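A.B. asks: Sequence below, structure please.
(one chain, ligands or ions: 1)
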Amino acid sequence: MAQSTLDSMPGASTGTVVITEPLNFWGGKRVKPREEKNAEPVFEPATGRVLCQMVPCGAEEVDEAIQSAYAAYQKWSKMAGMERARVMLEAARIIRERREKIAKLEAINNGKTITEALVNIDISWKSIEYYAGLAGTLAGQHIQLPGGAFAYSRREPLGVCVGIGAWNFPFVIATMKSAPALACGNAIVYKPSPMAPVTAVILAEIYKEAGVPDGLFCVVQGGAETGSLLCHHPKVAKVSFTGSVPTGKKVMEMSAKSVKQVTLELGGKSPLIIFKDCELENAVKGALMANFLTQGQVCCNGTRVFVQREIMPQFLEEVVKRTKAIPVGDPLLGSTRMGPLISKPQLEKVLGFVSQAKKEGARVLCGGDPFVPSDPKLKGGYFMSPCVLGTSNTLVNGGTAHAQSALFFNTQSLSTDNCRDDMTCVKEEIFGPVMSVLPFDTEEEVIQRANNTTFGLASGVFTRDISRAHRVAASMEAGTCFINNYNINPIELPFGGYKMSGFGRENGQVTIEYYSQLKTVVVEMGDVESLF
Ligand SMILES: NC(=O)C1=CN([C@@H]2O[C@H](COP(=O)(O)OP(=O)(O)OC[C@H]3O[C@@H](n4cnc5c(N)ncnc54)[C@H](O)[C@@H]3O)[C@@H](O)[C@H]2O)C=CC1
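C.D. replies: Predicted structure coming up:
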């Protein structure tokens, strides 16, 4: 039944797909859950309909998957890097060939638009190609020692790694973790989020078809309990986790018990700083890209948009105009630019942040309401209108005549400072399509405010002043700083957090370090000089 889910895809439209095949994969095949108890419905976000059941794996199933991964690791780790590369390149080729079908399934399960899902699938095969390219380059050093003795280091895999993923980029996260792991000679057991369990098993089938040993990439379904079984398992060498800060802390704590290596990709509340000397149209486009991809459910989003006071009115006018024009609706339509949020509770949580923002004095410049598309089949979907939370204090402090004409200002707002750094919507990760816009006056002030957060995943700056751009980039307490763009994350670039956004890196050459270890081999060429 290897491709039956995908084979049903070409004619599929929103509201028509039901998945009944098992979603676990180990020992080279899909594996039926041992018992159906604790099954959880998985919803299609665009319709609210049940897409499939997610049945969590228990201790015996987790152990079976890990044993199967360990057996595969014994074979795979002994192959030359170039041999591993060949298999990985074949997997990348198959993904490329099936990109439309996989993207469709991803859009149906996650709610992101087909346009974005296709970009995600392209990132996935590129990731596998990139690490296949590095697999043959893994090497150690040769070090000369006195008396002709020498030493060398070998770069070796860690063993069985565990990947625990979030629901916002299901296929991408599975490949971002497995590609470097496999390139280094490891096996990996992957647990997708219980809300987006559908596409990881497709990746497992593709790796199998490409020729990896059975068990090399396993998929176990489940939530917190299954995740914790993985983190506690003695045969697991490393856990790479993507998700929230509270769960990341638990993963670290559990992994510490048996001294497993850990990579944590956690949340963010990233600043995007827009100076008055920016190219305004690009800054507006950048702010939209920083906030509204995947319905705003992106960890590195620049959700605190600091705008220099002098250009605030023009910026807001343009950003609001474009936000209102975002077509929200059926994710499978090529013209849609925003689909539904992942779940009903997530939608309620995000709408709750908007109401809280209003209570705390923020001004809703547009959106922030539940949205019901006109297509009747989407009535039960988890849609909302993209939201900009703003400020109008620019008008009393140096606003221009232009500002007075902006449609969304009314006279009562003229003396109110609406969005402030201490508001919940500005401090906490919302994980939805909500942009908070804040005014600033000086570079020094905005750097201090931008860094005043426990998160540190990303940051951005728009300016035409080259010195300022690099000065600000150097001052950001964040793993990435985008200059004059936002959310550009190609596979070649290291990605990861500062502060409570996590540690370790994904993507880029450096990730090889996080999936391998060095062995030092010391060679004596003469006699042993003993002190005894
Ligand atoms: N940094 C990022 O890329 C992401 C951050 N988030 C943040 O997390 C929030 C909640 O999203 P969730 O998916 O519910 O995140 P979460 O942190 O609850 O779950 C992430 C993954 O960890 C697993 N998990 C949960 N409890 C576990 C435990 N005790 N031991 C081991 N694994 C466990 C989940 O099943 C899922 O696969 C979002 O609102 C957002 O703030 C969510 C998705 C991605």
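
A.B. asks: Spell out which parts of the stretch 301-450 of the chain neighbour the ligand.
C.D. replies: Contact residues, the stretch 301-450 of the chain versus the ligand (CB under 6 Å from any ligand atom): 429, 431. Bear in mind the C-beta positions are built from the backbone N, C-alpha and C, glycine included.

A.B. asks: Helices of the stretch 301-450 of the chain, start to end?
C.D. replies: The residue ranges that make up the helices of the stretch 301-450 of the chain, judged by DSSP state H, counting those that start in this stretch, are 312-324, 344-359, 401-404, 424-427, 443-450.

A.B. asks: other SSEs contacting the second one?
C.D. replies: Put plainly, it is helix 344-359. strand 363-366, strand 387-390, helix 424-427, strand 434-440 (3 or more CB pairs under 8 Å, 6 or more residues apart in numbering; DSSP states H and E).

A.B. asks: on that earlier part again, between the helices of the stretch 301-450 of the chain, pick out the one with the smallest average pLDDT, please.
C.D. replies: If you rank those by mean pLDDT, helix 401-404 sits at the bottom with a mean of 39.

A.B. asks: Quick check: the closest residue to the ligand within the stretch 351-500 of the chain vs Tyr130, distance?
C.D. replies: Evaluated by CB to the nearest ligand atom, the stretch 351-500 of the chain has Phe431 as its residue closest to the ligand, separated by 3.7 Å. Counting by CB to CB, to the nearest Å, the gap between Phe431 and Tyr130 amounts to 28 Å.

A.B. asks: hang on, Lys101 packs against Met9?
C.D. replies: Yes - counting by CB atoms under 8 Å, Met9 is a contact partner of Lys101 at 4.1 Å.

A.B. asks: ok so, going back, can you say which of the helices of the stretch 301-450 of the chain is nearest to Leu266?
C.D. replies: Closest approach to Leu266 among the helices of the stretch 301-450 of the chain (CB to CB): helix 424-427, 15.7 Å.

A.B. asks: What are the contacting residues of the closest one?
C.D. replies: Outside of helix 424-427, the residues within contact range by CB atoms under 8 Å, 6 or more residues apart in numbering are 269, 304, 353-354, 356-357, 360, 362, 389, 419-421, 434, 436, 438, 453.

A.B. asks: if you set the cut-off to 7 Å instead, what comes out?
C.D. replies: Residues outside helix 424-427 that contact it (CB atoms under 7 Å, 6 or more residues apart in numbering) are 269, 304, 353, 356-357, 360, 362, 389, 419-420, 434, 436, 438.

A.B. asks: For Asn120, which non-adjacent residue is closest in space?
C.D. replies: In space, and not counting its chain neighbours, Asn120 is closest to Val172: 4.9 Å by CB to CB, 6 or more residues apart in numbering.

A.B. asks: Name the SS class of that neighbour, please.
C.D. replies: At Val172 the chain is in helix, as set by DSSP: H, G, I helix; E, B strand; the rest coil.

A.B. asks: Provide a list of residues in contact with it.
C.D. replies: 120, 123-124.

A.B. asks: For whichever residue of the stretch 251-400 of the chain sits closest to the ligand, report the pLDDT, please.
C.D. replies: Closest residue of the stretch 251-400 of the chain to the ligand, CB to the nearest ligand atom: Cys299 (3.1 Å). Cys299 is assigned a pLDDT of 97 by the prediction.

A.B. asks: Hmm, it is touching Ala458, no?
C.D. replies: No - with contact defined as CB atoms under 7 Å, Cys299 and Ala458 do not form a contacting pair (8.3 Å).

A.B. asks: More neighbours: the two, which one.
C.D. replies: The residue with more neighbours, out of Cys299 and Ala458 and counting by other CB atoms under 10 Å, is Ala458; that gives 30 against 25.

A.B. asks: I appreciate the help and will end here.
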